[in-house]
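Engineer: task: produce atomic coordinates for the following.
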Amino acid sequence: MYKKYRIIALVMLLLLSSFTVTGCGIFTRQSNAITEYDYSVMRLVQLEELYENQPIAVIHTEFGIIKIALYPQYAPKTVENFINLINAGFYDGKKIEGVPMNALFYSGTPNKDDEFVGAVVEKEFSVNLWPFKGALCARSDVQGAEGESDSRFLIVNGEPFEDEHVEQLRTVTRNGEQLLPDELLLALQEKGCMVTLSGFYTVFGQTFEGFDVIEAICNAPADRNGVPIDEIIIEKIEIEYYTGGE
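Structural biologist: Model (predicted):
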């Protein structure tokens, strides 16, 4: 039931944003980036094969390893900041801070004694990147197209996205035409997703190995606030570069 209301809320926000964009050109703090995308050039790159020398984040945890392909061509500042933080060892020993509703996990908040070595960057949105299961997103205090991100990140495990949710999002139009293409909606449904993050947070990576690790972390026992009861630690994160032999 809670998921149904979240989808309805997203639909209403998109309807309002679409009207605002085409009607009077005013964007509110709660505007959504996906109402401005040019879907005619969309490529669902997260579903494509990796390319030579593509940067990969390798996250080591007690549950196993997660490998995530990064997309500097679509979120250059976010990826650069993430890699700089990794190379500085910023994430080594960080806790998994939350696993809300088993739908995602998040980490990366600086400790009080941390020397913050990262940057604060504006959100970066691309029609080619979506919150599929395994997507790596930059967290932000502002849930809208505006705002900035920093060292914090989340990884999507997913939540139900049923036929009724697809039909609800098909009702969102722009200039009289369906806003979100069926290719996208059906891919999100098939692969798993957290569609309610769309257009709110920068997506800058996609898991290709370690989905079982994501599921194990997200389903770990947690308190009523979604905080793991037993500490889950990120042992370290490393950067590698893809070669065709992998």
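Engineer: identify the residues contacting residue 166.
Structural biologist: Counting by Cβ atoms under 8 Å, 6 or more residues apart in numbering, residue 166 touches 185-186, 189. Placement of C-beta: from N, CA and C, glycine included.
Engineer: for these, pick the one with the most neighbours.
Structural biologist: Highest neighbour count within the contacts of residue 166, by other Cβ atoms under 10 Å: residue 185, with 19 neighbours.
Engineer: can you confirm that one is in a strand?
Structural biologist: No. Counting by DSSP: H, G, I helix; E, B strand; the rest coil, residue 185 falls outside a strand, being helix.
Engineer: distance of it relative to residue 42?
Structural biologist: 12 Å (Cβ to Cβ, to the nearest Å).
Engineer: follow-up on the earlier one: ok, so of the contacts of residue 166, who is nearest residue 154?
Structural biologist: If you rank these by distance to residue 154 using Cβ to Cβ, residue 189 comes first, at 20.8 Å.
Engineer: distance check, the closest one against residue 133.
Structural biologist: For residue 189, the distance to residue 133 equals 11 Å [Cβ to Cβ].
Engineer: count the residues that sit near residue 198.
Structural biologist: Residue 198 is flanked by 22 other residues according to other Cβ under 10 Å.
Engineer: how about it, phi and psi?
Structural biologist: phi -60, psi 130 (degrees, to the nearest 10).
Engineer: does residue 238 belong to a helix, a strand or coil?
Structural biologist: strand.
Engineer: that one: what's it in contact with?
Structural biologist: Residue 238 makes contacts with 57-58, 60, 86, as judged by Cβ under 8 Å, 6+ apart.
Engineer: element containing residue 60?
Structural biologist: Here residue 60 sits within strand 55-61, counting by DSSP states H and E.
Engineer: with just CA atoms, put that strand into CSV.
Structural biologist: What follows is strand 55-61, C-alpha atoms only, in CSV (Å, rounded to 0.1, in the frame of the first residue of the first chain):
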residue,chain,number,x,y,z
PRO,A,55,36.0,2.7,-14.6
ILE,A,56,34.7,0.1,-12.1
ALA,A,57,34.2,0.6,-8.4
VAL,A,58,34.9,-2.6,-6.5
ILE,A,59,33.2,-2.5,-3.0
HIS,A,60,34.4,-5.0,-0.5
THR,A,61,32.1,-6.0,2.4
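Engineer: what's next to the next helix or strand after it, contact-wise?
Structural biologist: Per DSSP H and E, the first helix or strand lying C-terminal to strand 55-61 is strand 64-70. Contacts with strand 64-70, where a contact means Cβ under 8 Å, 6+ apart, come from 46, 50, 54-59, 79, 82-83, 134, 136, 155, 204-210, 212-214, 216, 242.
Engineer: having no further points to raise, I will conclude here.
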